[in-house]
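Enquirer: Okay, sequence plus prediction incoming.
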Protein chains: 4
Amino acid sequence: MATIKNSVRLIGNIGMDPDVRTFDNNRKMVRLSIATNDSYKNDKGEKVTDTQWHNIVLWGAQASMAETYLKKGDSVLIEGKLASRSYSDKDGVKRYVTEVVVNEFIKMSGKE
Amino acid sequence: MATIKNSVRLIGNIGMDPDVRTFDNNRKMVRLSIATNDSYKNDKGEKVTDTQWHNIVLWGAQASMAETYLKKGDSVLIEGKLASRSYSDKDGVKRYVTEVVVNEFIKMSGKE
Amino acid sequence: MATIKNSVRLIGNIGMDPDVRTFDNNRKMVRLSIATNDSYKNDKGEKVTDTQWHNIVLWGAQASMAETYLKKGDSVLIEGKLASRSYSDKDGVKRYVTEVVVNEFIKMSGKE
Amino acid sequence: MATIKNSVRLIGNIGMDPDVRTFDNNRKMVRLSIATNDSYKNDKGEKVTDTQWHNIVLWGAQASMAETYLKKGDSVLIEGKLASRSYSDKDGVKRYVTEVVVNEFIKMSGKE
DNA sequence: TTTT
DNA sequence: TTTT
């Protein structure tokens, strides 16, 4: 997808260690869950924190780099595109999931 | 949400006329469905078109402008943030939906 | 340049027909001048319009498309990176110029 | 300026300590110089590094935060708009300069 | 499930 | 459900 038509940028923290899968054709996929945290004041002047969790997918070289460099708790900037797909869950219920498929990422900081 | 931490940009076509709702506090909400279209060549050199549908939500002044100016078939550029929420469907199954909450939009073209 | 580290997006109008140049190696370059217009209210509540002109450069396939499709007055969305360079003007004074080197553009509308 | 029409994002390193100025109306301005570094392979397969320096300007609250938190060598992500202005140098020569006026920034890392 |  |  031309990045000019579909572009997502998120800065957040990784909720768990990357989930790595390798397919028959040796193609690698990594899944991440990233939390973006927003703090603002509500109508009453109270500080409110809104946390959003995002499903992130990386393929190929980006997946390999994520496997090597990223882990739970790290702060990352990701740039990618928004994509949705459907699947049937274990009870046969059709489910929809929206993911960000990464083009590039930068590790911002992490625990040593 | 600071736009620097969570930012989505999409250019696509509106699939149906805006769905307008007004709540008790007189606050207006508009829902749109936008399709982004991507054309590329696959491994075999064949042209493939990938269409993704996105759930778009507008509030307040942005909702009023969408209600006035946008309709089915229009091409729009939207800028917003990615957000997810859950709800129970009519069968009591918990569902998750991911939406883009619009900060700004520009109508790119439309039918007269 | 990785777009994640240096990314510019502008929507504006083209000030004059594209300036096309072809170099020895048959590589094509196009220059555009794009005006972005901003309207806002100042401290006194008066509407103010701020117009900024931007130097835009396109190379290769993007240059060819610009030559074919763009002309004075068109509205375009461009995505590219920020770059600066120096040169000596006709009086031997060293000058600096900042340009946006385009990765992708979309024509938003134009005169028939 | 609506960010949808004029938006710049840069990730780079600060070349010198912030230059802070306070004006009569007590409004604060900070200037930064940020280097973005790009590494790629040229036609001959050699690794080339292209460094671009960018003029960055911050006002008000953003300027105060930059003064407090940023210093030479820090890595920052800035989001802003592109703007140009002219001035006469000490020899009376008219000069043009292009700057990025910051809306938001995030410090990515820095020396302790 | 993260982080501040 | 859009569009090219």
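Expert: Thanks, I have the structure now. Numbers count the residues shown, from 1 in each chain, chains lettered A, B, ... in the order given.

Enquirer: Measure how buried A:Ser84 is and give me the count.
Expert: A:Ser84: 14 surrounding residues under other Cβ atoms under 10 Å in any protein chain shown. C-beta: built from backbone N, CA, C; applies to glycine.

Enquirer: next one: A:Arg95
Expert: Neighbour count of A:Arg95, defined by other Cβ under 10 Å: 13.

Enquirer: what does A:Lys41 give?
Expert: So A:Lys41, with other Cβ under 10 Å, has 9 neighbours.

Enquirer: try A:Lys71
Expert: A:Lys71 has 15 neighbouring residues, counting by other Cβ under 10 Å.

Enquirer: Could you look up the SS state of A:Gly80?
Expert: strand (DSSP: H, G, I helix; E, B strand; the rest coil).

Enquirer: Could you pull up the residues touching it?
Expert: A:Gly80 sits next to A:7-8, A:56, A:100-104 when contact means Cβ atoms under 8 Å, 6 or more residues apart in numbering or on different chains.

Enquirer: From these, pick the one nearest DNA strand F.
Expert: The shortest approach to DNA strand F among those belongs to A:Ser7, at 17.5 Å (Cβ to the nearest atom of the strand).

Enquirer: isn't the closest one right next to B:Val8, touching?
Expert: Yes - using Cβ atoms under 8 Å, A:Ser7 is in contact with B:Val8, at 7.2 Å.

Enquirer: Compare those two and say which is more crowded by neighbours.
Expert: Neighbour totals were compared for A:Ser7 and B:Val8, and B:Val8 leads with 26 against 23 (other Cβ under 10 Å).

Enquirer: The strand or helix carrying the more buried one near DNA strand E at all?
Expert: Taking DSSP states H and E as the criterion, B:Val8 maps to strand B:6-14. No - Strand B:6-14 lies apart from DNA strand E when judged by Cβ under 7 Å from any atom of the strand; the minimum separation is 12.5 Å.

Enquirer: hmm, that strand touching DNA strand F?
Expert: Yes - applying Cβ under 7 Å from any atom of the strand, one finds strand B:6-14 in contact with DNA strand F at B:12-14.

Enquirer: Would you reformat those residues as JSON lines and include neighbour count, pLDDT and distance to chain A?
Expert: Formatted as JSON lines, the residues of strand B:6-14 next to DNA strand F follow (neighbours: other Cβ atoms under 10 Å in any protein chain shown; pLDDT from 0 to 100; distance: Cβ to the nearest Cβ, whole Å):
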{"residue": "B:Gly12", "neighbour count": "24", "pLDDT": "96", "distance to chain A": "7"}
{"residue": "B:Asn13", "neighbour count": "18", "pLDDT": "96", "distance to chain A": "11"}
{"residue": "B:Ile14", "neighbour count": "21", "pLDDT": "97", "distance to chain A": "14"}
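
Enquirer: Quickly name whichever of these is closest to C:Lys28.
Expert: Closest approach between those and C:Lys28, by Cβ to Cβ: B:Gly12, at 30.3 Å.

Enquirer: Now A:Leu32: closest residue in space that isn't a chain neighbour?
Expert: Nearest residue to A:Leu32, sequence neighbours excluded (Cβ to Cβ, 6 or more residues apart in numbering or on different chains): A:Ile56, at 4.1 Å.

Enquirer: Please state the backbone phi and psi of that neighbour?
Expert: Backbone geometry at A:Ile56, expressed as degrees, to the nearest 10, gives phi -120, psi 140.

Enquirer: What separation do you get for it and A:Val102?
Expert: The gap separating A:Ile56 from A:Val102 is 6 Å, by Cβ to Cβ, to the nearest Å.

Enquirer: what sits in contact with each of those two?
Expert: A:78, A:80.

Enquirer: all helices of chain A, in order?
Expert: Secondary structure of chain A (DSSP state H): helices at A:60-69.

Enquirer: Show me what from it comes close to chain B.
Expert: Selection of chain A residues close to chain B by Cβ under 8 Å from any Cβ of the partner chain yields A:1-2, A:4-12, A:36-38, A:50, A:52-54, A:82-84, A:93, A:95-98, A:100.

Enquirer: If any of those residues are buried, put those into a ChimeraX selection.
Expert: Those of the residues of chain A next to chain B that count as buried under 16 or more other Cβ atoms under 10 Å in any protein chain shown are selected in ChimeraX with:
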select /A:1,2,4,5,6,7,8,9,10,11,12,36,52,54,82,83,98,100
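
Enquirer: Would stretch A:37-56 count as contacting DNA strand E?
Expert: Yes - counting by Cβ under 7 Å from any atom of the strand, contacts between stretch A:37-56 and DNA strand E involve A:37, A:39, A:49, A:51, A:53.

Enquirer: what's the spacing between the residue of chain A most remote from its centre and B:Ala83?
Expert: Farthest-out residue of chain A from its mean C-alpha position, per Cα atoms, centre = their mean: A:Lys44, at 32.7 Å. Distance, A:Lys44 to B:Ala83, by Cβ to Cβ: 22 Å.

Enquirer: same check, this time on A:Ser64
Expert: A:Ser64 is 30 Å from B:Ala83, by Cβ to Cβ.

Enquirer: Now find how far off-centre stretch A:44-53 is within its chain.
Expert: A distance of 21 Å separates the centroid of the chain from that of stretch A:44-53, by Cα atoms, centre = their mean, to the nearest Å.

Enquirer: now what about it, what contacts it?
Expert: Under the contact criterion Cβ under 8 Å, 6+ apart, stretch A:44-53 has outside partners A:15, A:33-42, B:1, B:6, B:82-84.

Enquirer: In these, find the pair that's most separated.
Expert: In the contacts of stretch A:44-53, two members sit farther apart than any others by Cβ to Cβ. They are A:Ser33 and A:Lys41, at 27.6 Å.

Enquirer: show me what contacts the most centrally placed residue in chain A?
Expert: Nearest to the mean C-alpha position of chain A, counting by Cα atoms, centre = their mean, stands A:Ile56 at 2.5 Å. Neighbour list for A:Ile56: A:10, A:31-34, A:78, A:80, A:99-100, A:102 [criterion: Cβ under 8 Å, 6+ apart].

Enquirer: Please repeat the previous calculation with a cut-off of 7 Å.
Expert: A:31-32, A:34, A:78, A:99-100, A:102 (Cβ atoms under 7 Å, 6 or more residues apart in numbering or on different chains).
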